[in-house]
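**Q** Predicted model and sequence follow; I will ask about them next.
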Amino acid sequence: MSVITYRQALRDTLRAEMHRDENVILLGEEIGVFEGSYKITEGLLNEFGERRVRDTPIAEEGFVGAAVGAAMLGLRPVVELMTINFSLIAIDQIINHAAKIYGMFGGQNSVPMVIRTPGGGGQQLGATHSQNIELFYAFVPGLKVLAPSTPAEAASMLRAAIRDDDPVLLLENLGLYNTKGEVPDDDESVAEIGRAAVTREGSDITLIGYSRMAALGTQVAEALAKEDISVEVVDLRSLRPLDRQTIVDSVKKTGCAVVAEDDWLTYGIGAEIAASIQEGAFDYLDAPVRRVAMAEVPLPYAKPLENAALPSTESVTTAIKETLSAVGKRVG
Amino acid sequence: MADTAKAKGGGTAGSTGGRRRSRKDDTSSRFADQQPDVLLGYYRQMLLIRRFEERTGQAYTQARIGGYCHLNLGEEATVVGLMNALQERDYLFTNYRDHGYAIGKGMSAREVMAELYGRSTGVSKGWGGSMHMFDTKTRMLGGYGIVGGQLPLATGAALAVSYRGGDEVVMCQMGDGTTNIGAWHESLNIAALWNLPIVYVVINNFTGMGTTVERSSAEPDLYKRGSAFRIEGERVDGRDVLAVHEAATRLVEKARAEQRPYLLEATSYRLKGHSVVDPAKYRTQEQVEEARANDPVLAFEHELEQAGILTEDRKQEIAESVRAEVADAADFAENSPHPEVSTLFDYTYATPVANESRRMPADPVFAE
């Protein structure tokens, strides 16, 4: 067992998968000579050469679509989009083509490709570079959308994504790249796409999050344990397919739920989770499901404004305590 | 490159004027190097696509076919010339005007018609319809409904061929309107940068839906637009099946030998509107009459007759076999079953997924 960063876990997995399968190639902006805008691909051009590690023009529709076409002929391209914000330029290729080709041609041709891309606020990058727009992709049948929250998950989910025959978006988060965690040495674990994880058992309330919010949720749960509040944490990990059953089972156990998401509230992932809880565990609910989300504004640059807009340990903690307080279950 | 691009035949944008050539005198030289059986084969394919599309149009107006329906009527010479320039191992990507290409690449009229009828025996099992013909066996890798959406895909397919050191070529067909979208520029740039074996074919029928080329393209000589990427382009008269075949074969084989992209513009003129429901009021009566006078199927038929290659008996025989093939295709489609509703969720994912969202609205998925 080694303690490594989320960034290192991704890099190690890319390297191992490229050694394992000649069909795995990397495409993206600045992934080669520059070694990656966030250094995920550091050293890979040197190790594998330009045939397999391809710097692309800054033309997202072109190279994402080229990856789709290459996947149709059996390559397993792993695309790095510098940030999820740039995926908007490639959205036709992702939603109209990658997601649809298997279905609209009657199952004749799968599209085994991965799009890795970071997102998230908190870096003072302004409105067009701080978004979490995974919802757009999680909305679409035919895509698989994964959002790992720890280095171990990043490794096992990237491995699963590369080996999967469908198009997979692997959402990374700028705020997680430097986080550390234990990853088994010679890790060969392959995540089961479509399974959420109960990452912390609890009995008073369920906190549901993914990516940065799952990591933050774990911190909140640990802190609240000291106040004798028992929080169960569900890490969604897979936004599509969505594991409603694990969410519902947890809420049936605890009777209360808070959903924490890094995107906008209206129509967001949390809305889907809250609706699923209502459908599946209505009779077990002791209180309305609370949602903690980003403020509904284009994310501002100024630090105090950005901090105020993003969900935080404080806002999640408050939501949990208020929910419990409202039903007299516990007063924090 | 631009200065090497040749304008061969073809009208100027917006006009198809005066292209009926007097071929009587040069027929013998045109056909000198051609096998009569090959010429008759082209003729039969052109006639098959013509009759197939006429039948398709009828079936559409009878509501036997749903959705949109874009026909190849008037473009048969282009389709047949292009498709016969490809080897069986070569790949094809097209836009939504794809029925003729599907047949030309080797798919059966039966399966194409069944797809139009939305039947389980269709090439895409009834999931695609008119715009989404696809067949792995014949390497027709799809008709695509989003203008230009197929360009990056075809470019990526050429990347895969190149990566594996294969000798297949990818042909990517599109209409004139496509040359203005971002994917055109991005794809040609990547193909040229990475030396990919692909031939981009622009079918210039001078109207993107109803908007003429001069009103949408700052450079209406579309074959010249490859020069921005150092891709050689040339223009060919799309109503001349032999000219299309010659140019396409030459460029496909150059792409194969040299591992680089080429661009071919085929001037064309659809006899009908953009789709079956488009009355094409943006065209003048003169243009329509001129197009009919230069019908590529009739013109080629006439030429073959003049050259003594198509006898009256042979003509009747081909007409009858084409009629029978189309009738059989329509019967096959008509009598094929619709896909089972139980297969609704079969083609969302290629690999089974945990907690698959096989949901209909209001499914009681959490009922205890």
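**A** Now that the structure is in, tell me what you want to look at. Numbers count the residues shown, from 1 in each chain, chains lettered A, B, ... in the order given.

**Q** okay, CA-based contacts and neighbour counts for the rest of this
**A** Noted.

**Q** quick one: contacts for the closest residue to chain A within the stretch 51-200 of chain B?
**A** Chain A sits closest to residue B:156 of the stretch 51-200 of chain B, with a gap of 3.5 Å, by Cα to the nearest Cα. Counting by Cα atoms under 8 Å, 6 or more residues apart in numbering or on different chains, residue B:156 touches A:63, A:65-71.

**Q** out of those residues, which touch chain B?
**A** A:63, A:65-71 (Cα under 8 Å from any Cα of the partner chain).

**Q** Name the pair among those with the greatest separation in space.
**A** A:63 and A:71 (12.1 Å; Cα to Cα).

**Q** before we move on, back to that, phi, psi of the residue of the stretch 51-200 of chain B closest to chain A?
**A** phi -70, psi -40 (degrees, to the nearest 10).

**Q** Beta-bridge partners for residue A:180, please?
**A** Going by DSSP bridges, residue A:180 is paired in beta bridges with residue A:5.

**Q** Centre of the chain to stretch B:146-158, how far?
**A** 14 Å (Cα atoms, centre = their mean, to the nearest Å).

**Q** and what of stretch B:257-276?
**A** When C-alpha coordinates are averaged (Cα atoms, centre = their mean), stretch B:257-276 and its chain have centres 8 Å apart.

**Q** what comes into contact with the longest strand seen in chain A?
**A** Longest strand of chain A, by residue count under DSSP state E: strand A:257-264. Contacts with strand A:257-264, where a contact means Cα under 8 Å, 6+ apart, come from A:120, A:131-133, A:205-210, A:212-214, A:217, A:251, A:269-270, A:273-274, A:288-296, A:310-311, A:316, A:319-320, A:323.

**Q** Can you name the element that comes right after it?
**A** helix A:269-281 (DSSP states H and E).

**Q** Give the next helix or strand downstream of that next one.
**A** According to DSSP H and E, the helix or strand after helix A:269-281 is strand A:290-294.

**Q** by how many degrees do that next one and helix A:269-281 diverge?
**A** If you take axes from the mean of the first three to the mean of the last three Cα atoms, to 10 degrees, strand A:290-294 sits at 160 degrees to helix A:269-281.

**Q** Give me the buried positions along strand A:290-294.
**A** Counting neighbours by 16 or more other Cα atoms under 10 Å in any protein chain shown, one finds that the buried residues in strand A:290-294 are A:290-294.

**Q** ok, now stretch B:118-136?
**A** Buried residues in stretch B:118-136 (16+ other Cα under 10 Å): B:118-135.

**Q** Flag the shaky bits of chain A, pLDDT-wise.
**A** In the predicted model, chain A carries pLDDT under 70 at residues A:330-332.

**Q** beta partners of the residue lying closest to residue A:296 once chain neighbours are set aside?
**A** The shortest distance from residue A:296 to any non-neighbouring residue, by Cα to Cα, 6 or more residues apart in numbering or on different chains, is to residue A:264 (5.6 Å). Counting by DSSP bridges, residue A:264 is bridged to residue A:294.

**Q** Please report how far residue A:264 lies from residue A:236.
**A** To residue A:236, residue A:264 is 17 Å away according to Cα to Cα, to the nearest Å.

**Q** okay, now the domains of the chain?
**A** I went with chain A, as the question did not name one. Using automatic domain parsing, the domain ranges for chain A come out as A:2-183, A:197-326.

**Q** please go with chain B instead
**A** If you go by automatic domain parsing, chain B breaks into B:5-337, B:338-368.

**Q** Tabulate the ones you listed (TSV), appending mean pLDDT and distance to residue A:152.
**A** Listed next are the domains of chain B as TSV, based on pLDDT from 0 to 100; distance: least, Cα to Cα, whole Å:
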stretch	mean pLDDT	distance to residue A:152
domain B:5-337	92	31
domain B:338-368	77	20
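
**Q** Tell me which of those domains is the most buried.
**A** Stretch with highest mean neighbour count among these: domain B:5-337 (a mean of 21; mean count of other Cα atoms under 10 Å in any protein chain shown).

**Q** Now do the helices in chain A.
**A** For chain A, the helices defined by DSSP state H occupy A:6-20, A:44-48, A:60-72, A:91, A:101-104, A:134-138, A:151-163, A:212-225, A:244-254, A:269-281, A:303-309, A:313-326.

**Q** Can you add mean neighbour count and distance to residue B:304 and give those helices back as TSV?
**A** Putting the helices of chain A into TSV (neighbours: other Cα atoms under 10 Å in any protein chain shown; distance: least, Cα to Cα, whole Å) gives the following:
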stretch	mean neighbour count	distance to residue B:304
helix A:6-20	20	57
helix A:44-48	16	57
helix A:60-72	30	40
helix A:91	18	49
helix A:101-104	25	41
helix A:134-138	18	55
helix A:151-163	25	55
helix A:212-225	20	72
helix A:244-254	22	67
helix A:269-281	20	65
helix A:303-309	16	75
helix A:313-326	18	80
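
**Q** got those helices as a markdown table, with distance to residue A:30 columns?
**A** Output for those, formatted as a markdown table (distance: least, Cα to Cα, whole Å):
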| stretch | distance to residue A:30 |
| --- | --- |
| helix A:6-20 | 15 |
| helix A:44-48 | 11 |
| helix A:60-72 | 12 |
| helix A:91 | 20 |
| helix A:101-104 | 28 |
| helix A:134-138 | 23 |
| helix A:151-163 | 20 |
| helix A:212-225 | 25 |
| helix A:244-254 | 38 |
| helix A:269-281 | 31 |
| helix A:303-309 | 28 |
| helix A:313-326 | 34 |
